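Novice: After the sequence you'll find the predicted model.
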Amino acid sequence: MEKTDFSRRPFFKRLKKGLLLAWLVVLLQSCKTDDPPSDPALYFPPLGSQAWESVTPAALGWDTAAIPALTTLLESNGTRAFILLKDGKIVLEEYFGQNLAGNAPFSQSAMWYWASAGKTLTAFIVGKAQEEGLLSISNKTSDYLGTGWTSLAPAREDLITVRHQLTMTTGLDDGVADSHDFSPANLVYKAPAGTRWAYHNAPYTLLENVAAQATRRDFNGYFNEKLRDRIGMDGFWSWLDSDHVYFSTARSMARFGLLVLNGGKWDQEAVMQDRTFFDQMTRPSQDLNQSYGYLWWLNGKGSFMVPGSQAVIPGSLNPNAPADMVSGLGKNGQYVSVVPSLKLVLVRMGENPDAVEVPFLFLDEIWKKLNMIIK
């Protein structure tokens, strides 16, 4: 009897083709969400505990005689908290001045605001929502906020994507009377989306609404579940006029920095699996401002721009800091900086050290002192 080759029949050809396509989809998805590598040399403080291992500067071979000059710089410029981690362990931890209420010395348990350094938290949450298939940063923002979230004509509004919000390239006018006001009447056209970089708080703040609509969750609850509680942070979001600002202890900011240092993993647990998004978040996100990722500031690039200006300044944002440093920078000198090459995390909370909106200059002064210490 002649053997029938069913594989040659049209139905089975289509079935084989469909199985092949399905296999390719699974393969691509697995590549996208491969667990990021974890550094076995890093220490992670336990969850639900105040315990945190430390190492002395002397044990690292650092110049301890140069530390008082750093301490003086920090204290004389309104610093409230300063932490430096090496391999996840605390090397330096200093507190100065009074708490926010002004009724007690600032301490390890005192809360302080992140200001715009908290933008990095939002970027992480947007990436997490995309990882879970709940949104795409390539989609237009109106897919999540509905039409009329700006004062633009629908055709122009639909050109603005979530990625534009992450990269400060919405093209909306940051020169309005209140660049923090995210009401539609205050979101007006300045340039085509993607053609102009401008540090504009209002479109950024609406990323929280994007995440909330996409996940069908309250932003605070989603943030707590997907990030805060998984790495043992404390803290809360609070509205200050039109800005949604995160408050926490300095050690919680250091925990987030440690998570980023380890590529989105807390010890061996992947808090963010999407390595593609994570890498894009901490690399140049557009050609206009080389020193800006997805709401992260990037060091060691050929040029940079600063808030409130369209000038492109040649050189590195922080020339005295390591070239691979990435930072969350906030008003009045709130810093969370991550240096993969040195396995360092730097945290600074405090009052305004200079007059600029994002005081990156003082961070460079800190690194001048650190370069005398770290050997």
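Specialist: Noted; the coordinates are in hand.

Novice: Could you use CA atoms for every contact and neighbour count after this?
Specialist: Fine.

Novice: those helices in the stretch 101-250 of the chain, which residues are they?
Specialist: With helices called from DSSP state H, counting those that start in this stretch, the stretch 101-250 of the chain shows them at 119-131, 142-145, 154-157, 162-167, 201-205, 207-215, 219-223, 250-261.

Novice: Columns distance to Phe360 on top of these, output as a markdown table?
Specialist: Below are the helices of the stretch 101-250 of the chain laid out as a markdown table (distance: least, CA to CA, whole Å):
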| stretch | distance to Phe360 |
| --- | --- |
| helix 119-131 | 15 |
| helix 142-145 | 33 |
| helix 154-157 | 32 |
| helix 162-167 | 18 |
| helix 201-205 | 17 |
| helix 207-215 | 24 |
| helix 219-223 | 27 |
| helix 250-261 | 17 |
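
Novice: Out of the ones you listed, flag the one nearest Gly328.
Specialist: Of all the helices of the stretch 101-250 of the chain, helix 119-131 sits nearest to Gly328, with 6.0 Å by CA to CA.

Novice: what about that closest one, average pLDDT?
Specialist: Taken as a whole, helix 119-131 has a mean pLDDT of 98.

Novice: One more: stretch 242-254?
Specialist: On average, the pLDDT along stretch 242-254 is 98.

Novice: Any idea how far apart the tips of that stretch sit?
Specialist: Across stretch 242-254, the terminal residues are separated by 26 Å (CA to CA, to the nearest Å).

Novice: Okay, buried residues for it please.
Specialist: Within stretch 242-254, the residues scored as buried using 16 or more other CA atoms under 10 Å are 243-254.

Novice: Over to stretch 92-107?
Specialist: Buried residues in stretch 92-107, counted by 16+ other CA under 10 Å: 92-97, 99, 106-107.

Novice: Check what contacts it and list those residues.
Specialist: 56-57, 75, 78-85, 108, 110-112 (CA atoms under 8 Å, 6 or more residues apart in numbering).

Novice: cool, stretch 258-268 as well?
Specialist: Counting by CA under 8 Å, 6+ apart, residues outside stretch 258-268 touching it are 36-39, 42-44, 88, 230-231, 270-273, 275, 278, 338-340, 343-345.

Novice: How many residues are close by Ala177?
Specialist: For Ala177, the neighbour count with other CA atoms under 10 Å is 9.

Novice: for Trp114, same thing?
Specialist: As a burial measure, Trp114 scores 30 neighbours (other CA under 10 Å).
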